[in-house]
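>>> Based on what follows, work out the 3D shape:
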Amino acid sequence: MINTRALIVTVLVLLSFAGLAFKLVDIQIFKSEELSYYAKKQQLGIETIKADRGFIYDRKGVLMVYNRNDISFYVDLRMLNEKKKDELAVLFAKTFGKSINHYSKLLSQSGKTICIEKKSPFEKAVKLMDYNLSAMFFTEDPTRVYHYGRLASHILGYVNSDYIGTNGIARSFDDELNGEDGARLVEKNALGDLTSIPDEGTKAPVPGNDIYLTIDRMYQNILEEELKHGMETYQSASAVGIIMDPNTGEILALANADDYDPNNYSGFSDYQRKDRAITDIYEPGSTFKAFTIAALLEEDACYESETVNVENGVYKFRNAYIRDTHKFQSLTVKKIIEESSNIGISKLVQRLDDETYYKHIRSFGFGTFTSITLPGEVTGNLRKPEEWSKITKAFMSFGYGISVTPIQTVTAFSSLINGGILYKPLVVKKIVSKDGRLIKEFNPVEVRKVISDKTSQRMRNLLTGVVQNGTGKTAQIENFSVGGKTGTSKIVENGKYVNGKYFSSFIGFLPAENPKVVCYIMFSNPKSEYYGGKVAAPVFKNVVEKLIQADPLRFVDDNNQFKDKNDDPEENSEKQLIVDDMQITNPVLNNETTHFTNVNENIMPDLRGKTVKEALLLLKSINIKFSVNGNGIVVDQSILPGTSITKNKTCRLNCSEVSLNGTTVY
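Below is the predicted model of the structure:
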């Protein structure tokens with residue numbers, strides 16, 4: 001009996017060892033690769049290192065858009081007991097200045113993982129980064145900062161909640177601004193806590209490129225202020241303004257009122273966020289007479305001093321009536337433009353056959369894209385001659401029966417007075433990498449020659465007469481000759497003209513003899529007045545008068561050899577920080593923000609010009625205590641650069657959001 005029991009035990013032991021041996025063989029030989037894969041998957045992970053998005057500057061290097069390195073904290077509620085929740089609530093309340101009750105409510109929610117603090121400033125968040133709690137983790141959550149709020153919002157665009165460029169330059173140049181994300185290999189323990197970061201498994205992010213716009217912040221501010229003031233004065237529904245250099249196609253300012261704040265884009269409607277200067281069409285009215293006259297002059301179909309019978313203000317053409325605001329029996333071609341006679345221009349245009357007239361209008365860029373590098377542009381509506389009725393050409397001659405965009409109008413008008421060259425409108429001047437390399441430069445692009453130099457000169461003279469003697473008198477400026485054209489047209493709703501609703505516009509240039517600026521102003525549905533000469537022309541005058549005061553050198557004619565002294569400054573090999581008229585050359589960071597070159601642990605480094613994140617990481621690397629006043633960029637430090645470091649001292653950093661390397665901020 002005993003021998004039987006012993007035998008059974010022996011057999012069971014042998015079977016157990018055999019089973020273990022088989023399992024070991026199965027694990028170590030047959031399933032070794034599979035299990036090794038799962039082990040590595042559990043122990044190793046890849047974390048994305050978000051690349052910094054590129055900055056956006058105006059043409060003079062004034063910073064308009066940059067990033068703030070915020071941090072978001074998350075908590076896995078399943079891994080917290082009540083005691084830990086209370087402890088965490090107290091810790092976050094102390095760090096961020098909110099009430100303990102606020103965090104207690106968040107931590108009392110049901111669910112798995114919650115965000116306990118969204119987009120906290122880095123200088124505060126860094127105090128919690130070393131807090132050892134497996135249930136809590138944090139991620140970099142950068143915030144795009146539009147320093148001037150609503151200014152140039154339709155040009156700049158914004159980034160959405162997924163940090164993707166939306167509207168404006170943010171969308172058109174999203175790839176350039178985004179850069180290339182990095183990655184790092186991390187090792188974790190069984191609880192998922194980070195244990196180490198192998199250096200050989202790290203790929204540094206490549207920051208996005210910086211973009212320099214053609215717009216001038218000062219011009220943009222003047223234009224927006226005057227448009228908004230005009231809307232209030234005339235109780236207009238909306239307004240659009242564009243300022244362009246007619247000799248290059250560069251847009252110096254572009255604005256829509258009402259506008260929006262890209263820092264809080266979700267708080268505004270789609271209409272407010274839409275760039276109506278390039279997406280909305282309208283019938284231009286009398287501003288279009290300038291293009292009709294240019295076509296006639298180019299074809300030698302009329303001359304300035306000839307007289308036309310304008311029917312005392314009412315003219316029946318086929319089965320339609322054409323009317324003038326002011327009644328005259330006859331006018332010269334020059335006076336037809338100055339007095340904006342619909343009858344006169346509709347008679348003159350009959351001297352051109354349909355194909356010739358269409359060819360000229362199409363040549364000015366109407367009915368097609370200007371190819372501006374902003375999203376959402378439309379072509380407007382220019383029908384082909386075979387689609388015209390018997391009265392189409394007559395009404396088109398004074399801006400009805402054709403739909404255009406404001407950007408088309410400004411671009412085409414510039415060609416009238418710059419010698420006859422149609423330029424592609426430019427909104428970006430250059431793209432520069434973070435290390436200062438020029439990636440791409442955008443030079444003026446000549447699309448085509450639309451009229452001769454002689455015709456362009458004649459157009460400048462005619463349009464100058466509009467301001468001196470005609471409907472544009474309210475655009476006159478003391479000591480400067482100005483040219484331009486007024487426009488008034490009915491608003492179309494649901495395919496029908498609406499009585500009492502108008503677009504009021506004026507487009508002008510100065511100095512008239514050698515134009516340096518073209519400025520377009522348009523108001524939608526003004527209430528108290530509606531003629532372009534009464535509404536838009538005075539606003540044009542206010543805008544350009546302020547431009548002359550702010551930037552007089554642009555408007556000085558020096559034998560046609562004027563150059564803006566602030567444009568295209570010579571690039572420096574080292575970036576510099578301009579703060580209170582002091583220039584400070586900064587030490588260079590390598591690609592990884594957690595590592596620094598040329599840093600002596602016994603000497604206080606120069607932190608001025610660095611972001612808060614860079615400065616605090618550097619101080620942590622040399623074990624220096626710190627306190628932070630403000631956020632953004634370090635402009636002052638209590639322990640002066642180059643002094644010996646005393647470990648028990650605290651370095652106080654004064655920061656500002658408006659001063660960055662290589663940037664002038666006003």
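
>>> tell me the mean pLDDT for the lengthiest helix in the chain?
Longest helix in the chain, counting residues (DSSP state H): helix 2-25. Average pLDDT, helix 2-25: 73.

>>> The closest residue to residue 551 other than its chain neighbours: how many residues sit nearby?
Spatially, and ignoring its direct neighbours in sequence, residue 551 is nearest to residue 218 (6.8 Å; C-beta to C-beta, 6 or more residues apart in numbering). Where C-beta positions appear, they are placed from N, C-alpha and C, glycine not excepted. Each residue near residue 218 was counted by other C-beta atoms under 10 Å, and the total is 19.

>>> Report pLDDT for residue 218.
Reading off the model, residue 218 has pLDDT 95.

>>> One more: residue 569?
Residue-level pLDDT assigned to residue 569 equals 39.

>>> again, but for residue 212
pLDDT at residue 212 comes out at 97.

>>> does it count as helix, strand or coil?
strand (DSSP: H, G, I helix; E, B strand; the rest coil).

>>> Could you measure from it over to residue 65?
Taking C-beta to C-beta, to the nearest Å as the measure, residue 212 falls 12 Å from residue 65.

>>> who's more crowded, those two?
Between residue 212 and residue 65, counting by other C-beta under 10 Å, residue 65 is the more crowded of the two (26 against 21).

>>> And the protein, what are its domain boundaries?
If you go by automatic domain parsing, the domain ranges for the chain are 2-44, 46-209, 217-555, 576-656.

>>> hang on, the earlier thing: shared neighbours, residue 212 and residue 65?
residue 56 (C-beta atoms under 8 Å, 6 or more residues apart in numbering).

>>> thought residue 445 was touching residue 248?
No. Residue 445 is beyond contact range of residue 248, at 9.3 Å (criterion: C-beta atoms under 8 Å).

>>> Show the contacting residues for the most centrally placed residue in the chain.
With distances taken as C-alpha atoms, centre = their mean, residue 156 lies nearest the centre of the chain, 0.9 Å away. Contact partners of residue 156, counting by C-beta under 8 Å, 6+ apart, are 56, 64-65, 146, 168-170, 262.

>>> ok, 6 Å please
65, 168-169 (C-beta atoms under 6 Å, 6 or more residues apart in numbering).

>>> Same question for residue 260.
153, 268, 272-273.

>>> 7 Å instead, please
150, 153, 268, 272-273 (C-beta atoms under 7 Å, 6 or more residues apart in numbering).

>>> Out of these, the closest to residue 463 would be?
residue 153 (31.7 Å; C-beta to C-beta).

>>> Would you quantify the distance from that closest one to residue 273?
For residue 153 relative to residue 273 (C-beta to C-beta), the value is 8 Å.

>>> ok, now which ones touch the nearest residue to residue 70 once chain neighbours are set aside?
Using C-beta to C-beta, 6+ apart and skipping the chain neighbours, the partner closest in space to residue 70 is residue 119 (4.0 Å). By C-beta under 7 Å, 6+ apart, the residues touching residue 119 are 70, 72, 141, 143.

>>> filter those residues to the buried ones?
Buried members of those, counted by 16 or more other C-beta atoms under 10 Å: 70, 72, 141.

>>> Return the residues in contact with the second one.
By C-beta under 7 Å, 6+ apart, the residues touching residue 72 are 115, 117-119, 138-139, 141.

>>> so where's the chain shaky on pLDDT?
1-2, 23, 25-28, 30-47, 184-201, 557-599, 631-632, 657-666 (pLDDT under 70).

>>> for it, longest strand please?
If you go by DSSP state E, the chain has its longest strand at strand 496-510.

>>> That strand pairs with which strands, parallel or anti?
strand 483-493 (antiparallel), strand 517-524 (antiparallel) (DSSP bridges).

>>> Make TSV out of these and add distance to residue 299.
Shown next, in TSV, are those (distance: least, C-beta to C-beta, whole Å):
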stretch	distance to residue 299
strand 483-493	20
strand 517-524	24
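
>>> Need the winner for burial among those.
strand 517-524 (a mean of 27; mean count of other C-beta atoms under 10 Å).

>>> residues in contact with whichever helix or strand comes after it?
Sequence-wise, the next helix or strand downstream of strand 517-524 (DSSP states H and E) is helix 532-550. Residues from elsewhere that reach helix 532-550, judged by C-beta under 7 Å, 6+ apart: 218-219, 222-223, 226, 230, 234, 471-472, 474-475, 477, 486-488, 504-506, 508, 510, 517, 519, 521-523, 526, 529, 555.

>>> ok so, going back, any of the contacts of residue 72 buried? List them.
For the contacts of residue 72, buried by 16+ other C-beta under 10 Å: 117, 138, 141.

>>> Now render these as JSON lines, adding secondary structure.
Shown next, in JSON lines, are the buried ones among the contacts of residue 72 (three-state DSSP):
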{"residue": "117", "secondary structure": "strand"}
{"residue": "138", "secondary structure": "strand"}
{"residue": "141", "secondary structure": "coil"}
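
>>> What is the host helix or strand of residue 618 packed up against?
Assigning secondary structure by DSSP H and E places residue 618 in helix 612-621. When contacts are defined as 3 or more C-beta pairs under 7 Å, 6 or more residues apart in numbering; DSSP states H and E, helix 612-621 packs onto helix 122-125, strand 625-629, strand 650-656.

>>> Deepest-packed of the ones you listed, please.
By mean count of other C-beta under 10 Å, the helices and strands packed on helix 612-621 have helix 122-125 as the most buried, with a mean of 21.

>>> CA atoms only for that helix, dumped as CSV, please.
Once non-C-alpha atoms are left out, helix 122-125 reads as follows in CSV (Å, rounded to 0.1, in the frame of the first residue of the first chain):
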residue,chain,number,x,y,z
PHE,A,122,4.1,76.1,-17.7
GLU,A,123,5.6,78.1,-14.8
LYS,A,124,2.9,76.8,-12.5
ALA,A,125,2.6,73.3,-14.0
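
>>> ok, and what's touching it?
By C-beta under 7 Å, 6+ apart, helix 122-125 touches 69-71, 95-96, 138, 612-613, 616, 628, 631.

>>> Swap in 8 Å and give it another go.
68-71, 73, 95-96, 117, 138, 612-613, 616, 628, 631, 655.

>>> Show me how far it is from its chain's centre.
28 Å (C-alpha atoms, centre = their mean, to the nearest Å).

>>> What of stretch 460-471?
Distance, centroid of stretch 460-471 to centroid of chain: 36 Å (C-alpha atoms, centre = their mean).

>>> So which bits of that stretch are buried?
460, 462-468, 470-471.

>>> Check what contacts the longest helix of the chain and list those residues.
Outside helix 2-25, not a single residue reaches it (C-beta under 8 Å, 6+ apart).

>>> In that helix, which residues are buried?
Result for helix 2-25 [16+ other C-beta under 10 Å]: no buried residues.

>>> again, but for stretch 63-77
Buried-residue list, stretch 63-77, by 16+ other C-beta under 10 Å: 63-73, 75-77.

>>> Just the CA coordinates for that stretch, please, in PDB.
Provided in PDB are the C-alpha atoms of stretch 63-77 (Å, rounded to 0.1, in the frame of the first residue of the first chain):
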ATOM      1  CA  LEU A  63       5.400  89.500 -33.900                       C
ATOM      2  CA  MET A  64       1.700  88.800 -34.300                       C
ATOM      3  CA  VAL A  65       1.300  85.100 -33.500                       C
ATOM      4  CA  TYR A  66       3.300  82.800 -31.200                       C
ATOM      5  CA  ASN A  67       2.900  79.800 -28.900                       C
ATOM      6  CA  ARG A  68       2.500  79.500 -25.100                       C
ATOM      7  CA  ASN A  69       3.700  76.200 -23.700                       C
ATOM      8  CA  ASP A  70       0.800  75.100 -21.600                       C
ATOM      9  CA  ILE A  71       0.400  71.800 -19.800                       C
ATOM     10  CA  SER A  72      -2.800  69.800 -19.200                       C
ATOM     11  CA  PHE A  73      -3.100  67.300 -16.300                       C
ATOM     12  CA  TYR A  74      -5.200  64.200 -16.300                       C
ATOM     13  CA  VAL A  75      -6.200  61.700 -13.500                       C
ATOM     14  CA  ASP A  76      -7.300  58.100 -13.700                       C
ATOM     15  CA  LEU A  77     -10.100  58.000 -11.100                       C
END
